[in-house]
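K.L.:
I need the structure of the sequence given here:
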Amino acid sequence: MNQSSLNRATLNRRQLLQGTGVLAAAAAMSPLMQSAALAAPAQGLTAYGASVCAGLGLGSPRQTPPNSTWFDQTALALGLRLPGMANPNAINGAAPGTSLSNSIEVQASHPERSTWGQFFWGGHAEVSKGAGYTVPGRMRQLARKYPGSPYLILGITNGKVGGTEGGTPTAYYTEAIAPGGINDQLADEHGPNRFFDVQAFLADPGPNGALALSKITPTAADKLAFDEKRVPPSLRPEKSQVHLNLIGQTRVAEKVTARVKAAGWFTA
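P.N.:
Numbers count the residues shown, from 1 in each chain. This is a model prediction of the structure:
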């Protein structure tokens, strides 16, 4: 494939995501992604990232059913065992308040999970602190640590910089979410089978967006968020810019569960 053709392939990544075919998507993957796709079935499930990856935003256990983070819901839907169950094989290694550099350290400290399927969801802290340029390289390090382990990167969602939410036309949006931003860079490098544009899903006002799938009529605040390409407040805890409430976490869990099943992470 010449450079011109390669450029066209990366520009068409959203068409691939919408279902132009598994073979076409596989052809667009790098050798690293192809090796992961052909790896043996995963032996467990883990995740690395910060607070959004950990599932913060649900409130106290008294207010929220147990095992209801996006990760826990995904693990249970796949028939895996969480901590507290016998022989857990689904452990969320995310640490709130950290950056992807910490995720790299945590991942390296758990070689016993080298054959587990992996989710990577971070980068908000880097963008908020002016270090967004480090995100693609750190995601690359996470993906390459255990090349036999299948993985899925969840893209950066809107956050907060200097008290301002990261929708249009803020610098946060331009760097992370806008066309050509960090999410697009991650999608182009890792391919449609290894990247989930969770921001696009959550901020989609159409019938396939998270709010419509939740059968929620948009409020005035939701409509404003859609106009500014932000995650609507109905999918977030009160006053939170980046975290998701139970509805938002459930919609994300449904999507990533479907992606894992389609990729055959746990099939013999």
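K.L.:
Need the contact partners of the helix of greatest length in the chain.
P.N.:
Counting residues, the longest helix found in the chain (DSSP state H) is helix 246-263. The contact list for helix 246-263 (CB atoms under 8 Å, 6 or more residues apart in numbering) reads 37, 45, 55, 57-58, 64, 68-71, 73-74, 77-78, 117, 119, 150, 152, 154, 193, 196, 198, 201-202, 210, 213-214, 216, 231, 234-236, 244, 266. From N, CA and C alone the C-beta is placed, and that goes for glycine too.
K.L.:
first to last residue in stretch 187-205, what's the distance?
P.N.:
22 Å (CA to CA, to the nearest Å).
K.L.:
Would you mind listing the buried residues in it?
P.N.:
187-204 (16 or more other CB atoms under 10 Å).
K.L.:
same deal with stretch 144-157?
P.N.:
In stretch 144-157, counting by 16+ other CB under 10 Å, buried: 145, 146, 149, 150, 151, 152, 153, 154, 155, 156, 157.
K.L.:
Can you tell me the element the residue lying closest to residue 90 once chain neighbours are set aside falls in?
P.N.:
When the adjacent residues along the chain are set aside, residue 90 lies closest to residue 75, with 3.5 Å between them (CB to CB, 6 or more residues apart in numbering). If you go by DSSP states H and E, residue 75 is part of helix 70-77.
K.L.:
just the CA coordinates of that helix, formatted as PDB?
P.N.:
In PDB, the C-alpha atoms belonging to helix 70-77 read as follows (Å, rounded to 0.1, in the frame of the first residue of the first chain):
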ATOM      1  CA  TRP A  70     -18.200  -0.500  33.400                       C
ATOM      2  CA  PHE A  71     -15.400  -3.000  34.000                       C
ATOM      3  CA  ASP A  72     -17.300  -5.100  36.500                       C
ATOM      4  CA  GLN A  73     -20.400  -5.200  34.300                       C
ATOM      5  CA  THR A  74     -18.200  -6.300  31.300                       C
ATOM      6  CA  ALA A  75     -16.400  -9.000  33.300                       C
ATOM      7  CA  LEU A  76     -19.700 -10.500  34.600                       C
ATOM      8  CA  ALA A  77     -21.300 -10.400  31.200                       C
END
